[in-house]
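Undergrad: sequence and predicted model, in that order:
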Amino acid sequence: TIETGGLRLGVVTDLGCATSAVKHHLQECDMLVLESNHDPLLLRNSNRPWPLKQRINGRHGHLSNQDCMALLRTVAAPRTQQVIFAHASEECNSYSLIDDCAAECLQELGRDDIGTAVARQKTPLPTCYAAPMTVRNQKS
């Protein structure tokens, strides 16, 4: 996590699993960058070697889309404004699948106020913004 100017940013990739320590550190973030690496079915059906599939699915591998959304459900705070989904596998995921998972997750949370973006491997995202709580509270 990085804190500056009243903003808090949390970045996590290459997790394998979201431990209680990870969840603790991601509390009260204005912006999150969360790994959404693979879809379990696409990974299982890929041509990747079995040991690689096991590592990706293991505690020291990568978060699936479902694991990422479970983490988001846990750490999304009232002050959370933006979520960027990162580290998507080109072979075992799709940007549209991540978008769909995120939309469903945020709908379940009743959070249509959180902006989302899926980081592409070959194309930069537009700049994402978040405002400090003090600025947002002054607008009310």
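TA: Cool, got the structure.
Undergrad: residue 46 contacts residue 40, correct?
TA: No - look at residue 46 against residue 40 with CB atoms under 8 Å: they stay out of range, at 10.6 Å. Backbone N, C-alpha and C define where each C-beta goes, glycine included.
Undergrad: and the residue nearest the centre of the chain, what helix or strand is that in?
TA: When CA atoms, centre = their mean is applied to the chain, the residue found nearest the centroid is residue 34 (2.5 Å). Secondary-structure assignment from DSSP states H and E places residue 34 in strand 31-35.
Undergrad: likewise residue 27?
TA: If you go by DSSP H and E, residue 27 is not part of any helix or strand.
Undergrad: for the strand holding residue 34, name the packing helices and strands.
TA: strand 7-12, helix 65-75, strand 82-86 (3 or more CB pairs under 8 Å, 6 or more residues apart in numbering; DSSP states H and E).
Undergrad: not counting sequence-adjacent ones, nearest residue to residue 6?
TA: Closest residue to residue 6 apart from its sequence neighbours, by CB to CB, 6 or more residues apart in numbering: residue 132 at 3.2 Å.
Undergrad: the one you found contacts residue 7, doesn't it?
TA: Yes - using CB under 8 Å, residue 132 is in contact with residue 7, at 5.4 Å.
Undergrad: the two: which is more packed in?
TA: residue 7 (18 against 15; other CB atoms under 10 Å).
Undergrad: and the nearest residue to that one once chain neighbours are set aside, how far from residue 106?
TA: Once flanking residues are discounted, residue 7 sits nearest to residue 30: 4.9 Å by CB to CB, 6+ apart. According to CB to CB, to the nearest Å, residue 30 stands 16 Å off from residue 106.
Undergrad: could you do residue 27 as well?
TA: Distance, residue 27 to residue 106, by CB to CB: 18 Å.
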